[in-house]
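Participant: Next come a sequence and a model predicted from it.
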Amino acid sequence: MPFICSGCGQQSVKPFGRCPHCGAWDSFSEIQESRSSERRDSSWLGEELRPIADISLADVARIPSGMSELDRLLGGGFVPGGVILFGGEPGIGKSTLLLQVAQALAERVGNVLYVSGEESESQVKLRASRIGVNSRRLYVLSEQNLDRIAAAIEKTAPCALIVDSIQTACSSAVDGEAGSIRQLREVSSELIRITKSRRLVSFLVGHITKDGAFAGPKSVEHLVDVALYLEGGRGEDVRFLRSVKNRFGSTDEVAVFRMAAEGLEEITNPSAFFLEGHSDSQRPGSVVVPVLEGTRPILVELQALVSPTGGYGVPQRRCTGLDINRVLLLLAVIEKELAVHIGGADVYLSVAGGLEAKERASDLGAVAAIVSSLRNRPIPARTCVVGEVGLSGEVRAVRRVAERVREAEKMGYERILVPAGKS
């Protein structure tokens, strides 16, 4: 019997203690033979051999999702026949966002089938009522059996299918419990076959491991067309939807939402959102930095508080929204290159609004905020700062400076300090 790795899907005629492909330990398990002797038709699309020059794009018009942020992330909307793997931490808002998308598609396009393998119909209805989802063309099925899901697809003829989650669905054609490698491969392959043949838009909600990766074999990620990840802190109401794979568009975009009582709301102007409460009055230790989320520049306020320890204990180094190792490096550069003694002071850094600004373009802003707080001298009003700081104290070029400058101008800032030379 062949063996398969649960981490990457690598197959072998014998098990290994450590997978030679992905390096995972004790990940090989035996592949059980299918109980069904029937073989599916391998020609699951049924299309003929044609030169690429004769293939028309008229049938691949994108379907708007009803959310401008999501459409921009996907590259213009959903592609018919596209399969989207959707993941995120438990309770982050995956099911809420998908119900909102299902409502928009049901009202504007056609029937939508929402399959829940984790909740009953009444539980889904409770959440739907809270966010105002009540379309007559949105059908809910609480089911885990793949054959019954396929029958429901045949009956409703939906334009979109949502399976929440793929780990709960199981097929009677193979052995194993729901969520096992064998079941995940079989269920995913069959749902993708149905999606492609019927030209649906399918969402497969996937569980997330403790390391933040999609649970199950890596082959599932290879099979789907798009992989989206919803992230955000539990203590914050901001959510970022990122594309980690997209066959139909860029993976450099990010969609920004805010969790509200009525569901996820789009943030079309993130700079204004994150600068809300920022005053034009000059305050020591406060600086505005244009950071990039994907290809989108966002203005955020970076705050620093530097206070003497008074000779008691070891100076504290704390930061929120920044890389602590990078901050320690910048403190060493300040100490040596600027001849500013900061070793006897506590340093606290924070990015207001809950955004994580871990790109190196925020280095110069962090240095400016620290020195500003230490000297108790505010940075001039309506000023932005951006740049990477090297180990020898030089300010290095950053990418997409022109976009950052335009965003600062749009928000009314009069001056922006950028690295010299071409960026």
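Facilitator: Everything's here; your move.
Participant: Confirm for me that residue 183 is in contact with residue 174.
Facilitator: Yes: in this structure, residue 183 is within contact of residue 174 by CB atoms under 8 Å, at 6.4 Å. No exception for glycine: its C-beta is placed from N, CA and C like everyone else's.
Participant: the more surrounded of those two?
Facilitator: Taking neighbours as other CB atoms under 10 Å, residue 183 and residue 174 compare with residue 183 leading, 23 against 19.
Participant: what about the more buried one, which helix or strand?
Facilitator: Element membership for residue 183 (DSSP states H and E) is helix 181-198.
Participant: Where does pLDDT dip in the stretch 101-250 of the chain?
Facilitator: Along the stretch 101-250 of the chain, segments meeting pLDDT under 70 span 216-217, 233-235.
Participant: Quick one: the strands in it, in order.
Facilitator: 112-116, 138-142, 160-164, 201-205, 226-231, 238-246 (DSSP state E, counting those that start in this stretch).
Participant: Save those as JSON lines, and put in distance to residue 310 too.
Facilitator: Below are these laid out as JSON lines (distance: least, CB to CB, whole Å):
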{"stretch": "strand 112-116", "distance to residue 310": "58"}
{"stretch": "strand 138-142", "distance to residue 310": "62"}
{"stretch": "strand 160-164", "distance to residue 310": "55"}
{"stretch": "strand 201-205", "distance to residue 310": "53"}
{"stretch": "strand 226-231", "distance to residue 310": "39"}
{"stretch": "strand 238-246", "distance to residue 310": "36"}
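Participant: mind putting those strands in a markdown table, mean neighbour count included?
Facilitator: Shown next, in a markdown table, are those (neighbours: other CB atoms under 10 Å):
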| stretch | mean neighbour count |
| --- | --- |
| strand 112-116 | 25 |
| strand 138-142 | 19 |
| strand 160-164 | 26 |
| strand 201-205 | 26 |
| strand 226-231 | 22 |
| strand 238-246 | 19 |
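Participant: For residue 188, find the nearest of the ones you listed.
Facilitator: Across the strands of the stretch 101-250 of the chain, residue 188 has its closest neighbour in strand 201-205 (6.8 Å, CB to CB).
Participant: In its sheet, which strands sit next to the closest one, and in what direction?
Facilitator: strand 83-88 (parallel), strand 160-164 (parallel) (DSSP bridges).
Participant: The last one vs strand 112-116, what angle?
Facilitator: Spelled out, it's strand 160-164. Here strand 160-164 points in a direction 10 degrees away from that of strand 112-116 (axes from the mean of the first three to the mean of the last three CA atoms, to 10 degrees).
Participant: Now do strand 160-164: distance to the chain's middle.
Facilitator: 19 Å (CA atoms, centre = their mean, to the nearest Å).
Participant: pull the CA atoms of it into CSV?
Facilitator: Extracted C-alpha coordinates of strand 160-164, given in CSV (Å, rounded to 0.1, in the frame of the first residue of the first chain):
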residue,chain,number,x,y,z
ALA,A,160,-22.4,30.1,-6.2
LEU,A,161,-21.6,27.3,-3.7
ILE,A,162,-20.3,27.8,-0.1
VAL,A,163,-19.1,24.8,1.9
ASP,A,164,-18.4,25.7,5.5
